[in-house]
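In: Model the following, please.
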Amino acid sequence: MIKVLIVDDDPFIRESLQVILDLDPELTVAGTCPDGHAAFQYAGEHPVDVVLMDIRMPVCDGV
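Out: As a prediction, the model looks like this:
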């Protein structure tokens, strides 16, 4: 099982990506975050295999 963390400032995008990724039985959405700062914190506390991150966000971008 591949654990994916979705990071995007738009809640609609986060939810849409989660619905799409949940269709694949080999993937599981480990969590979602609204910005890069929250993603750093989440990934430090929870193991993830892939981070799907927007590159333009407030607080801390994906770059």
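In: Could you name whichever residue is most remote from the centre of the chain?
Out: What lies farthest from the middle of the chain is Pro25; by CA atoms, centre = their mean that is 17.4 Å.
In: Provide the secondary structure category for it.
Out: Put simply, Pro25 is coil when judged by DSSP: H, G, I helix; E, B strand; the rest coil.
In: please renumber so the chain begins at 56
Out: Done: numbering now begins at 56, and the last item shifts to Pro80.
In: Distance of it relative to Ile57?
Out: Remark: distance between Pro80 and Ile57 (CB to CB, to the nearest Å) = 10 Å. C-beta coordinates here come from the backbone N, C-alpha and C atoms, glycine included.
In: ditto for Leu76
Out: Taken as CB to CB, the span from Leu76 to Ile57 is 9 Å.
In: if you count what's nearby, which of these two comes out ahead?
Out: Leu76 (17 against 12; other CB atoms under 10 Å).
In: Tell me, how many residues neighbour the nearest residue to that one once chain neighbours are set aside?
Out: Spatially, and ignoring its direct neighbours in sequence, Leu76 is nearest to Leu82 (5.0 Å; CB to CB, 6 or more residues apart in numbering). Using other CB under 10 Å, Leu82 is surrounded by 16 other residues.
In: Now for Leu82: which residues touch it?
Out: Shown in contact with Leu82 (CB atoms under 8 Å, 6 or more residues apart in numbering): 56-57, 59, 76.
In: Check what pLDDT the nearest residue to Asp109 once chain neighbours are set aside gets.
Out: The shortest distance from Asp109 to any non-neighbouring residue, by CB to CB, 6+ apart, is to Asp63 (4.3 Å). Listed pLDDT for Asp63 reads 95.
In: can you check Ile110 too?
Out: Per-residue pLDDT puts Ile110 at 89.
In: same thing with Cys115?
Out: Value for Cys115, per-residue pLDDT: 76.
In: Sounds good, over and out.
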